[in-house]
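Q: Just to be clear, the model below is a prediction. Sequence and coordinates:
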Amino acid sequence: MSAPPLGRIMMISTHGYVSAEPEFGKPDTGGQVVYVLELSKCLGRMGYEVDVLTRQFEDQVAVEKINDRVTVRRFPCGGDDFIPKETLCDSIPEWVENVSRWIRGEGRFFTLINSHYWDAGLAGQALASRFAVPHFHTPHSIGAWKRDNMDGTSADLEEKYNFKQRIREEKVIYDECDVLIATTPAQKLLLLESDYDASPEKICVIPPGYDDRRFFPVSRATRMSLKQEFDLHGKIVLALGRMAKNKGYDLLLRAMPPVFERIEDARLLLAVGSSDPNPDEIKQVNALKDLAAELGIADRVIFRDYISDEQLPDFYRAADLFALCSRYEPFGMTAVEAMACGTPTVVTTEGGLWEQTVWGLDAVFANPFDPPAFGHAIAAVLQHESVAAQLAKHGSQKARAKFTWTGIAHQLLCQLQARQSMHDDSAEDLIDEPPTPEVETWSAHSFS
């Protein structure tokens with residue numbers, strides 16, 4: 001029989017397809033889902049019960065067990081259809097009511113609520129207020145930064161991304177939560193200095209993590225065997241992820257001609273999209289194929305849609321270089337996974353990860369908005385085996401030293417212990433006392 005749990009943690013990630021085995025590449029389903037699930041499983045291994053709360057839609061089941069201590073629980077709101085994360089906020093009050101009824105009915109008490117992204121932040125703060133539970137919020141990305149780094153007219157961006165409401169609601173969440181978790185030092189500065197003016201006392205920097213039981217280096221012979229298994233020939237530059245403009249795959253295509261000129265057998269593998277792409281994804285992929293033809297490099301670009309989570313580590317290992325080419329990237333989980341697998345990595349400077357690496361030792365970073373410079377960075381690594389070997393060695397060491405899930409979970413729990421000690425109640429009181437009567441009203445600033 002397992003030991004009794006140390007406490008119960010509520011993880012909230014309301015948008016996208018959250019499941020025990022998520023199909024990455026589906027709409028709004030990517031790195032954040034990895035973050036939530038892996039952190040939850042690690043907290044479970046450390047002795048906590050974890051409920052991952054998300055939205056129920058389509059034909060999803062209400063309850064899905066991940067293991068003995070971690071459970072995905074789905075609550076409906078806004079009907080049965082998928083709702084994009086930009087507008088899900090309108091249905092969050094209904095979701096909170098459904099979760100509240102479940103909490104009351106089960107008599108559950110939570111040690112901590114950790115919400116992810118602003119839609120879940122709205123829900124997390126409402127539930128924290130109702131049931132007197134500490135609320136830690138992890139933004140993952142920040143509306144003001146995304147707004148300022150996207151191409152397009154203000155009117156078009158507002159119509160698609162709902163920035164005005166998002167930034168207004170983010171400000172309220174950041175003001176009201178107990179701890180605000182930035183994933184990089186650069187993100188912390190944005191929270192302090194941009195539209196938000198967040199309190200520095202409540203901000204801590206905890207990077208995302210990766211599963212070091214799955215992502216690790218292998219021998220050169222194994223890498224060559226994997227390359228043959230996947231029918232990959234020559235020096236392979238890999239980029240992968242969901243199909244979205246901010247991922248910068250078009251910028252990477254524009255960066256590749258200098259690479260192909262200097263590296264005769266180089267190939268680009270773009271594993272983008274999903275196994276069941278929607279019309280917009282198909283349109284974007286076709287636009288990339290048209291761009292490759294326009295650039296005269298179509299015969300050296302391999303398009304692949306979806307790489308299963310099971311095969312993902314081996315695709316990193318089969319590649320000679322991984323490119324993170326995003327227009328903006330709050331962190332860059334895929335790059336960390338590639339580094340952990342011993343694959344030399346070129347990282348965008350339009351994000352947070354590059355500031356946590358040593359150029360030329362852990363990784364190389366370059367600006368994707370300067371495609372020739374980005375391409376020359378890729379070519380330099382592919383041309384010089386000693387450089388590639390150094391990046392492979394030190395990149396995997398940096399990943400293991402700084403970005404494992406166990407370390408991230410410990411940092412989160414340390415923040416919880418620190419916040420508990422700031423209150424008159426002891427940590428034992430916070431775990432054992434029943435919840436105080438809930439507050440039934442929403443913030444005056446929310447859902448206006």
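A: Perfect, I can see it now.

Q: pretty sure Val272 contacts Tyr249?
A: Yes. With contacts counted by CB atoms under 8 Å, Val272 reaches Tyr249, the gap being 5.9 Å. The way it works is simple: take the backbone N, C-alpha and C, and place the C-beta from them, glycine included.

Q: Give the residues shared as contacts by the two.
A: 239, 243, 288 (CB atoms under 8 Å, 6 or more residues apart in numbering).

Q: pLDDT, distance to Glu97 and neighbour count for the residues you listed - can I get that in JSON lines?
A: What follows is those, written out as JSON lines (pLDDT from 0 to 100; distance: CB to CB, whole Å; neighbours: other CB atoms under 10 Å):
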{"residue": "Ala239", "pLDDT": "97", "distance to Glu97": "42", "neighbour count": "24"}
{"residue": "Met243", "pLDDT": "86", "distance to Glu97": "34", "neighbour count": "22"}
{"residue": "Leu288", "pLDDT": "97", "distance to Glu97": "43", "neighbour count": "19"}
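
Q: Name the nearest of those residues relative to Phe136.
A: Closest approach to Phe136 among these (CB to CB): Met243, at 30.9 Å.

Q: what about the closest one, which helix or strand?
A: Take DSSP states H and E as the rule and Met243 turns out to sit in neither a helix nor a strand.

Q: where's it relative to Pro279, distance?
A: 12 Å (CB to CB, to the nearest Å).

Q: Asn114 now?
A: To Pro279, Asn114 is 35 Å away according to CB to CB.

Q: Comparing these two, which residue is more hemmed in?
A: Neighbours per residue, other CB atoms under 10 Å: of Asn114 and Pro279, the larger number sits with Asn114, 27 against 7.

Q: for the more buried one, what are its contacts?
A: Asn114 neighbours (CB under 8 Å, 6+ apart): 9-12, 39, 124, 135-138, 412.

Q: And those residues, which two are furthest apart?
A: Leu39 and His135 (15.9 Å).

Q: what's Ser40 sitting at in phi/psi?
A: For Ser40, the backbone dihedrals (degrees, to the nearest 10) come out as phi -60, psi -40.

Q: Sort out for me which of the contacts of Asn114 are in helices.
A: If you go by DSSP state H, these have 39, 124, 412 in helices.

Q: From the residues you listed, list just the buried residues.
A: 39, 124, 412 (16 or more other CB atoms under 10 Å).

Q: quick one: which of those is nearest Lys160?
A: For those, the nearest to Lys160 is Gly124 (24.9 Å; CB to CB).

Q: Would you mind measuring from that closest one to Glu94?
A: For Gly124, the distance to Glu94 (CB to CB) stands at 15 Å.

Q: What sits closest to Glu281 if chain neighbours are left out?
A: Met243 (4.4 Å; CB to CB, 6 or more residues apart in numbering).

Q: distance of that neighbour from Met256?
A: Counting by CB to CB, the gap from Met243 to Met256 is 18 Å.

Q: Could you list the low-pLDDT ranges of the protein?
A: 1-2, 423-448 (pLDDT under 70).

Q: okay, now the domains of it?
A: Segmentation of the chain into domains, based on automatic domain parsing, reads 8-209+404-432, 220-401.

Q: So which residues of the stretch 251-400 of the chain form strands?
A: Assignment of strands within the stretch 251-400 of the chain using DSSP state E, counting those that start in this stretch yields the ranges 266-272, 301-304, 321-324, 345-348, 364-366.

Q: Looking at those, which is nearest to Gly395?
A: strand 345-348 (6.0 Å).

Q: got the residue ranges for the strands in the stretch 101-250 of the chain?
A: So, for the stretch 101-250 of the chain - with DSSP E, counting those that start in this stretch - the strands run 112-116, 135-138, 179-182, 203-205, 235-241.

Q: Would you format the ones you listed as TSV with distance to Phe215 included?
A: Shown next, in TSV, are these (distance: least, CB to CB, whole Å):
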stretch	distance to Phe215
strand 112-116	21
strand 135-138	21
strand 179-182	22
strand 203-205	22
strand 235-241	14
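
Q: Among the ones you listed, which comes closest to Thr29?
A: Here strand 235-241 is closest among those (CB to CB), at 11.1 Å.

Q: name the helices or strands packed onto the closest one?
A: In terms of contacts (3 or more CB pairs under 8 Å, 6 or more residues apart in numbering; DSSP states H and E), strand 235-241 is packed against helix 249-262, strand 266-272, helix 312-318, strand 321-324, helix 333-340, helix 371-383.

Q: Can you show me the CA trace of that strand as PDB?
A: The C-alpha trace of strand 235-241 is given here as PDB (Å, rounded to 0.1, in the frame of the first residue of the first chain):
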ATOM      1  CA  LYS A 235      23.000  16.000 -42.900                       C
ATOM      2  CA  ILE A 236      19.500  16.600 -41.500                       C
ATOM      3  CA  VAL A 237      18.300  19.900 -40.100                       C
ATOM      4  CA  LEU A 238      15.200  19.200 -38.100                       C
ATOM      5  CA  ALA A 239      12.400  21.700 -37.100                       C
ATOM      6  CA  LEU A 240       9.200  20.400 -35.600                       C
ATOM      7  CA  GLY A 241       6.100  21.600 -33.800                       C
END
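
Q: could you pull out the helices for the stretch 151-300 of the chain?
A: Taking DSSP state H, counting those that start in this stretch, the helices of the stretch 151-300 of the chain run over residues 154-161, 163-176, 185-193, 220-229, 249-262, 279-294.

Q: do you know which of these lies nearest Lys202?
A: helix 163-176 (8.2 Å).

Q: Nice, that's everything, thank you.
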